[in-house]
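1. Structure of the sequence below:
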Amino acid sequence: MLRHQLTDEQWLRIKDVFGQPAATGRPPRDRRDIIDGILWVLRIGAPWRDFPESFGPWQTVWHRFNQWNHDGTLERMIHRLRGEIDIDEELWCIDGATVRAHRCASGGGKKTMPTNRRTTRSDAAAAV
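-> Now for the predicted structure:
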């Protein structure tokens, strides 16, 4: 797993990006473990649920990934490490989760009752 983790020099370069954790509440997980877990998912391309337990619970890491992605923290971290970590810049924020759509979302239109001209003609046409 070491090849998917930050080196000590890389961690020292980015650790001030995350700021200080709140003094109240539950003690936060080690941010370096969280970053290593995020980088593991982004490099491997595995779904979050296949996340190794050595980085902590996948839900915690995903929550931090989502939060840091929205507030720009990941962008600042990637900018500081540009050229040192290998992440495809086109795909780095895609989640590996499955998205299900309703069957009518496929664009196929509604199913209707098949009609037969002989059985659906009007009374006026039948009288003639």
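
2. Just the element for Asp33, please.
-> Taking DSSP states H and E as the criterion, Asp33 maps to helix 31-44.

3. Return the set of buried residues in that helix.
-> For helix 31-44, burial by neighbour count (16 or more other C-beta atoms under 10 Å) applies to 31-32, 34-42. The C-beta positions use only the backbone N, C-alpha and C, and glycine is treated the same way.

4. ditto for stretch 56-75
-> By 16+ other C-beta under 10 Å, the buried positions in stretch 56-75 come out as 56, 58, 60-62, 64-65, 68, 73-74.

5. if you average pLDDT over that stretch, what comes out?
-> For stretch 56-75, the mean pLDDT works out to 88.

6. what sits up against that stretch?
-> Contact with stretch 56-75 is made by 17-18, 29, 31, 33-34, 37-38, 41, 48-49, 51, 55, 77, 93, 95, as judged by C-beta atoms under 8 Å, 6 or more residues apart in numbering.

7. hmm, which two among the residues you listed are most spread apart?
-> Val17 and Arg49 (27.3 Å; C-beta to C-beta).

8. in stretch 15-24, what counts as buried?
-> 17-18.

9. ok, and what's touching that stretch?
-> Stretch 15-24 is contacted from outside by 27-28, 31-32, 68, 73, 76-77, 80, using C-beta under 8 Å, 6+ apart.

10. any idea how far Thr73 lies from Arg64?
-> According to C-beta to C-beta, to the nearest Å, Thr73 and Arg64 sit 9 Å apart.

11. Since that was my last question, I'll sign off now.
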